[in-house]
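Enquirer: All I have is the shape, not the residue letters:
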């Protein structure tokens, strides 16, 4: 017995250790594959109009009030900081110029998508994640229904449309808040503020802002749907997927914003 070799224990962790470095790459590949499938399926009939309208109303209802409440402090803080600098140079009448430039190019689309990604996209991910662990997506496939067409496309389009519409509303709300703060608290001339709005900011900046909001909403919706449809591990996996949706959305949106801002200034200036 003493000279007999002990049986070799299986290396239980070996398969995991081999697959672990490839998991991020597989996740990125799976995300782009689902994104491509979604973009292609958008133009294939039939379109799930009822699901699209329900999701659009849901995203708008969840994101509208928090977005407007978040837009005003962002705009007021920007205008206050910018006006302090302008007063030092004796150019307080240009307050409207800085307010318009900051609101149209950054605050409008960015505040919108922060709320859409943080509230609406996380709710989308939780809903799809719950459907996934209940095997509802597998049931749809068995019945011959494509989950991408029935569930993912309406949600992605809803997030995109609402982000675009809310961005315009946030821009107007932010400019109104900046006007009231500048005129009544920092004693800027109302006429000078209004006249400075279009001094630098033009139609091309508005178009770039709309493109930003559209891409932001599309990206947040795709991330939420991918995380929700690739949940594993039961209810705990749904919670992890929601957290990952918010984190990945914010990181990717910051990166997209840097690229689009640089391109936008090169095109419009």
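Expert: Ah, there it is. Note that the structure is predicted; figures quoted are calculated from it, not measured.
Enquirer: list the contacts for residue 126?
Expert: 228, 238, 241-242 (C-beta atoms under 8 Å, 6 or more residues apart in numbering). All C-beta atoms are positioned from the backbone trio N, CA, C, and that covers glycine.
Enquirer: roughly how far apart are residue 174 and residue 110?
Expert: 11 Å (C-beta to C-beta, to the nearest Å).
Enquirer: Quick one: name whatever helix or strand follows the lowest-mean-pLDDT helix or strand in the chain.
Expert: Ranked by mean pLDDT, DSSP states H and E, the weakest helix or strand in the chain is helix 14-19, scoring a mean of 46. Next helix or strand after helix 14-19 toward the C-terminus (DSSP states H and E): helix 23-41.
Enquirer: Check which helices and strands the helix or strand following that following helix sits against.
Expert: Following helix 23-41 in sequence order, the next helix or strand is helix 49-89 (DSSP H and E). Here helix 49-89 touches helix 95-102, helix 108-115, helix 122-133, helix 153-185, going by 3 or more C-beta pairs under 8 Å, 6 or more residues apart in numbering; DSSP states H and E.
Enquirer: Point out the most buried one among those helices.
Expert: Ranked by mean neighbour count, the helices and strands packed on helix 49-89 are led by helix 108-115 with a mean of 27 (mean count of other C-beta atoms under 10 Å).
Enquirer: Identify the residues contacting stretch 136-145?
Expert: Residues contacting stretch 136-145 (C-beta under 8 Å, 6+ apart): 131, 146-147, 150-151, 229.
Enquirer: again with stretch 56-76
Expert: Stretch 56-76 is contacted by residues 99, 102-103, 107-108, 111-112, 114-116, 119-120, 123, 157-159, 161-162, 165-166, 169-170, 173-175, 177-178, 181 when judged by C-beta under 8 Å, 6+ apart.
Enquirer: how long is stretch 136-151 end to end?
Expert: 11 Å (C-alpha to C-alpha, to the nearest Å).
Enquirer: Buried residues, it. List them.
Expert: Neighbour-count burial for stretch 136-151 flags 137, 140, 147-149, 151 (criterion: 16 or more other C-beta atoms under 10 Å).
Enquirer: Now for those: which two are most distant?
Expert: Spatially, the most separated pair among these is 137 and 149, at 12.0 Å (C-beta to C-beta).
Enquirer: which sections of this protein are below the confidence cut-off?
Expert: Under the criterion pLDDT under 70, the flagged ranges of the chain are 1-24, 92, 268-269.
Enquirer: Now with 90, please.
Expert: Applying pLDDT under 90 to the chain picks out residues 1-35, 37-49, 51, 58-151, 162-217, 220-221, 224, 226-269.
Enquirer: So what does residue 233 look like in phi/psi?
Expert: phi 100, psi 10 (degrees, to the nearest 10).
Enquirer: Could you do residue 189 as well?
Expert: phi -70, psi 130.
Enquirer: just residue 200 next, same as before
Expert: Torsion angles, degrees, to the nearest 10, at residue 200: phi -120, psi -40.
Enquirer: Show me how far stretch 36-56 is from its chain's centre.
Expert: From the chain centre to the centre of stretch 36-56 is a distance of 19 Å (C-alpha atoms, centre = their mean, to the nearest Å).
Enquirer: neighbours around residue 34, how many?
Expert: Applying other C-beta atoms under 10 Å, we find 18 residues neighbouring residue 34.
Enquirer: How about residue 80?
Expert: Neighbour tally, residue 80, other C-beta under 10 Å: 15.
Enquirer: list the buried ones in the stretch of helix or strand residue 227 belongs to?
Expert: Taking DSSP H and E as the criterion, residue 227 maps to helix 203-229. Buried residues in helix 203-229, counting neighbours by 16+ other C-beta under 10 Å, are found at 205-206, 208-210, 212-229.
Enquirer: OK, contacts around residue 173?
Expert: So residue 173 contacts 68, 71-72, 75 (C-beta under 8 Å, 6+ apart).
Enquirer: Just give me the closest of those to residue 46.
Expert: Checking those one by one against residue 46 (C-beta to C-beta), the nearest turns out to be residue 68, at 35.2 Å.
Enquirer: The nearest residue to residue 211 once chain neighbours are set aside: how many residues sit nearby?
Expert: The shortest distance from residue 211 to any residue that is not its chain neighbour, by C-beta to C-beta, 6 or more residues apart in numbering, is 7.0 Å, and that residue is residue 260. Other residues near residue 260 come to 18 when the count uses other C-beta under 10 Å.
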